[in-house]
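Visitor: Here you go, sequence then predicted model.
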Amino acid sequence: MSVRETIFSAFKQVAADQGRTLAPLSDDLRLTECGLDSLSFAIVVSSLEDALNVDPFNSSEWVDFPVTLGDFIKLYDHTVA
Amino acid sequence: MAPAGAVAIPQFHGRGGSVSLTDLASGSFFNGKLSQLRARSVLISTAEQLATAVALFELDGLARRMVLCTPDLKDEQIAAVAAAAQADAIVTDTEPAGRKLAAASYLMTQQPQIANLGERRDVETEWILLTSGTTGTPKLVVHTLQSLGGTLPRPAAAKLRTVWSTFYDIRRYGGLQIYLRAVLGGSPLVLSSADESTDEFLTRAASAGVTHISGTPSHWRKALMSGAAARLTPEYVRLSGEVADQPLLDALRVAYPGATIAHAFASTEAGVAFDVTDGLAGFPAQFIENRRDGIELKVEAGTLHIRSGRNAVRYLGEAPGVLAGGDGFVDTGDMVELVAGRYYFRGRRGGVINVGGLKVYPEEVESVLNADPRVRMSLVRARRSPITGAIVVADIVLADCAPASPATRASWETTVKSELQNACRRALAPHKVPAILRVVPTLELTAAGKLVRPNG
């Protein structure tokens, strides 16, 4: 699975587990409007850390907090690479 | 077991040998040097619990102070404890290992030697216990026999069959309580040993006819997991030291249908506060309102406070800290919550997990997980999160009911985990539900028999 697919899958799984309605996923989707609350988001990040072995939010380099889902995927793409 | 009509001979049964109180009455284990320990501050640092059991018996009333060293101390810690207690003698059962102590060492013998010279026992000896669960120097808590055992139930005549035992090391508060019950009640005591499995210990306890036995909830879960719990037929099963949740109390009632199941609340500083024998977790709200046996309880800032004659007298040492508040109440640090006329323990104040500002106590989540019969033990902890500070995750030890083949086992585990998460979602607020469940083969216990928790 590509990084993008792994991320999409995590969003969907956590939304289902948390009983949240996920907005249709696209690069332009603003994370604050995707349907996940901060707890769900925290679980997504944790689950991606296990799946991809990286936590880009914890890297010592300056990280621009992602605004859209596209930003989020790029963040992981860069760190995984 | 002693045949009916026989007199119970109090004995200490260790793994490697036994000592009877007749032995102690007839001779001394100090090789003729007992009188040299009169009025001194004595550090008791032995490899075996049996030697400590004997030393306490011989030295109480004679030494000014006895310090019960726990077996896990490193040399620097022993030195620091000796200094804080102003120890001028050290008693041991093994050749001294060249520790740098400015104290005379006394090596105990395996068998009672020189006949007892009828030493006077008129000193009010201080019993110094060490607090557990700390790194660095343990705190030294000062007790007397009064504060330790003052209001222990005095069995007018301990039933002849009564044989005590405990999973605890008697050098710790929980174990020492049992030591005193046995000695003051004139009953035999079976000591545990760090060198044997739970199965071996229970087998040894059963063959000694143990009727009364005490341990932490984690000890009891291990006993239930060991498959050897059924070897015992106790009359009295006691739990203390950790939160005793309802599923465990129920499991013990099933395992020991003839026994009284009691859970006690106690701490090294506050002493024993109460025990609960109604089979339910927590304690009735009346315990707070009514003063019983000279013990007063209050709840302040969400934690339980205790004031009683059984509170320790004070701490020893350079920076002793305050044992009790100005009004004499000792804060136990245990969080309690009142629900429908009953108080429930929610966990240690320091153990709280903070998920985006919302609090969760590991114990309350563990209680939900442990309620599932497929779960033997669980440990809930925080996993760092850059988003919420922390999220809740759990390690679980599954009961011995898994399918044998690896493939079916894997999918069985996945099903169990998913069902456990659903159970948590039904019982708990969303931030308390473990985000990740991990199946582990075992969970570590501290030397005091409590779950090893990160940061505490």
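Guide: Structure received. A quick note: this is a predicted structure, and the numbers were derived from the prediction, not measured.

Visitor: residue ranges with poor pLDDT in the chain?
Guide: No chain was given, so I picked chain A. A:59-64, A:81 (pLDDT under 70).

Visitor: wrong one, I was asking about chain B
Guide: Using pLDDT under 70, chain B drops low at B:1-10, B:96-103, B:114-117, B:132-136, B:150-159, B:268, B:309-313, B:317-323, B:455-456.

Visitor: SS state for the residue lying farthest from the centre of it?
Guide: When distances are taken from the C-alpha mean of chain B, B:A407 lies farthest, 40.2 Å away, according to Cα atoms, centre = their mean. When classified by DSSP: H, G, I helix; E, B strand; the rest coil, B:A407 comes out as helix.

Visitor: now it: how far from B:A399?
Guide: As for B:A407, its distance to B:A399 is 20 Å (criterion: Cβ to Cβ, to the nearest Å). To be clear about C-beta, it is placed using only N, CA and C from the backbone, and glycine gets the same treatment.

Visitor: Also A:D28?
Guide: Distance of A:D28 to B:A399, computed by Cβ to Cβ: 49 Å.

Visitor: Show me where the chain has its helices.
Guide: You didn't say which chain, so I picked chain A. A:3-18, A:38-52, A:69-80 (DSSP state H).

Visitor: ah, no, chain B please
Guide: B:21-26, B:49-59, B:75-84, B:145-149, B:173-185, B:198-207, B:217-226, B:246-255, B:286-289, B:362-370, B:406-427.

Visitor: want to throw those into JSON lines with distance to B:V380?
Guide: Formatted as JSON lines, the helices of chain B follow (distance: least, Cβ to Cβ, whole Å):
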{"stretch": "helix B:21-26", "distance to B:V380": "45"}
{"stretch": "helix B:49-59", "distance to B:V380": "32"}
{"stretch": "helix B:75-84", "distance to B:V380": "30"}
{"stretch": "helix B:145-149", "distance to B:V380": "33"}
{"stretch": "helix B:173-185", "distance to B:V380": "23"}
{"stretch": "helix B:198-207", "distance to B:V380": "23"}
{"stretch": "helix B:217-226", "distance to B:V380": "14"}
{"stretch": "helix B:246-255", "distance to B:V380": "15"}
{"stretch": "helix B:286-289", "distance to B:V380": "27"}
{"stretch": "helix B:362-370", "distance to B:V380": "4"}
{"stretch": "helix B:406-427", "distance to B:V380": "10"}
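
Visitor: Just the C-alpha atoms of stretch B:330-339, please, in CSV.
Guide: Coordinates of the C-alpha atoms in stretch B:330-339 are reproduced here as CSV (Å, rounded to 0.1, in the frame of the first residue of the first chain):
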residue,chain,number,x,y,z
VAL,B,330,-2.4,11.2,56.3
ASP,B,331,-3.2,11.6,52.6
THR,B,332,-3.1,8.2,51.0
GLY,B,333,-2.8,9.6,47.5
ASP,B,334,-5.6,7.2,46.4
MET,B,335,-8.4,8.8,44.4
VAL,B,336,-11.9,7.7,45.4
GLU,B,337,-15.3,8.4,43.8
LEU,B,338,-18.7,8.2,45.5
VAL,B,339,-21.3,6.3,43.4
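
Visitor: Pull up the residues of chain A that are close to chain B.
Guide: With Cβ under 8 Å from any Cβ of the partner chain as the criterion, chain A comes near chain B at residues A:17-18, A:38-39, A:41-43, A:45-47, A:50, A:55, A:57-58.

Visitor: Apply 7 Å and report the result again.
Guide: A:18, A:38-39, A:41-43, A:45-46, A:55, A:57-58 (Cβ under 7 Å from any Cβ of the partner chain).

Visitor: how many neighbours does B:V380 have?
Guide: The number of residues packed around B:V380, counting by other Cβ atoms under 10 Å in any protein chain shown, is 28.

Visitor: Is it in contact with B:A394, as I believe?
Guide: Yes. With contacts counted by Cβ atoms under 7 Å, B:V380 reaches B:A394, the gap being 4.7 Å.

Visitor: so what sits against both of those two?
Guide: Between them, B:V380 and B:A394 have B:365, B:434 as joint contacts when contacts are counted by Cβ atoms under 7 Å, 6 or more residues apart in numbering or on different chains.

Visitor: Comparing A:D28 and B:A399, which shows the higher neighbour count?
Guide: Under the neighbour definition other Cβ under 10 Å, A:D28 and B:A399 were set side by side, and B:A399 has more, 15 against 7.

Visitor: Now that one: closest residue in space that isn't a chain neighbour?
Guide: Computed as Cβ to Cβ, 6 or more residues apart in numbering or on different chains, the closest residue to B:A399 that is not its neighbour in sequence is B:R376, at 4.9 Å.

Visitor: What's the local residue count around that neighbour?
Guide: By the other Cβ under 10 Å criterion, the neighbourhood of B:R376 contains 20 residues.

Visitor: Quickly note the distance from it to chain A.
Guide: 24 Å (Cβ to the nearest Cβ, to the nearest Å).

Visitor: Roughly how far does B:V210 sit from chain A?
Guide: From B:V210 to chain A the distance is 46 Å (Cβ to the nearest Cβ).

Visitor: And for B:N422?
Guide: 9 Å.

Visitor: Tell me how many other residues surround the nearest residue to B:T162 once chain neighbours are set aside.
Guide: The shortest distance from B:T162 to any residue that is not its chain neighbour, by Cβ to Cβ, 6+ apart, is 4.4 Å, and that residue is B:S187. Residues near B:S187, counting by other Cβ under 10 Å, number 22.

Visitor: Same check on A:Q18?
Guide: Per other Cβ under 10 Å, the neighbour tally for A:Q18 reads 19.

Visitor: Then B:V393?
Guide: Using other Cβ under 10 Å as the criterion, B:V393 is surrounded by 19 other residues.

Visitor: and it, what is it in contact with?
Guide: B:381, B:383, B:434-436.

Visitor: What residues are bridge-paired with it?
Guide: In this structure, B:V393 bridges to B:R381, B:I436 when assessed by DSSP bridges.

Visitor: Quick check: it vs B:R384, distance?
Guide: If you go by Cβ to Cβ, the gap between B:V393 and B:R384 works out to 10 Å.

Visitor: burial measure for B:Y343, as a count.
Guide: Each residue near B:Y343 was counted by other Cβ under 10 Å, and the total is 19.

Visitor: so it makes contact with B:V336?
Guide: Yes. Taking contact to mean Cβ under 7 Å, the distance of 4.6 Å between B:Y343 and B:V336 places them in contact.

Visitor: one step back: closest one to B:V272 among the helices of chain B?
Guide: The minimum distance between B:V272 and those falls on helix B:173-185, with 6.6 Å, by Cβ to Cβ.

Visitor: what's the angle from the closest one to helix B:217-226?
Guide: With axes from the mean of the first three to the mean of the last three Cα atoms, to 10 degrees applied, the angle from helix B:173-185 to helix B:217-226 works out at 90 degrees.

Visitor: Just give the nearest non-adjacent residue to B:S240, would you?
Guide: With Cβ to Cβ, 6+ apart as the measure, B:A264 is the residue that lies nearest to B:S240, at 4.1 Å, once sequence neighbours are left out.

Visitor: Does that neighbour touch B:R238 like I think?
Guide: Yes. Judged on Cβ under 7 Å, B:A264 makes contact with B:R238 at a distance of 6.2 Å.

Visitor: Please say which of those two ends up with more neighbours.
Guide: For B:A264 and B:R238, the more surrounded residue by other Cβ under 10 Å is B:R238, and the numbers stand at 25 against 18.

Visitor: Run a quick neighbour tally on the closest residue to B:A206 other than its chain neighbours.
Guide: Closest residue to B:A206 in three dimensions, ignoring its sequence neighbours and counting by Cβ to Cβ, 6+ apart: B:R231, at 4.1 Å. When neighbours are defined as other Cβ under 10 Å, B:R231 has 17 of them.
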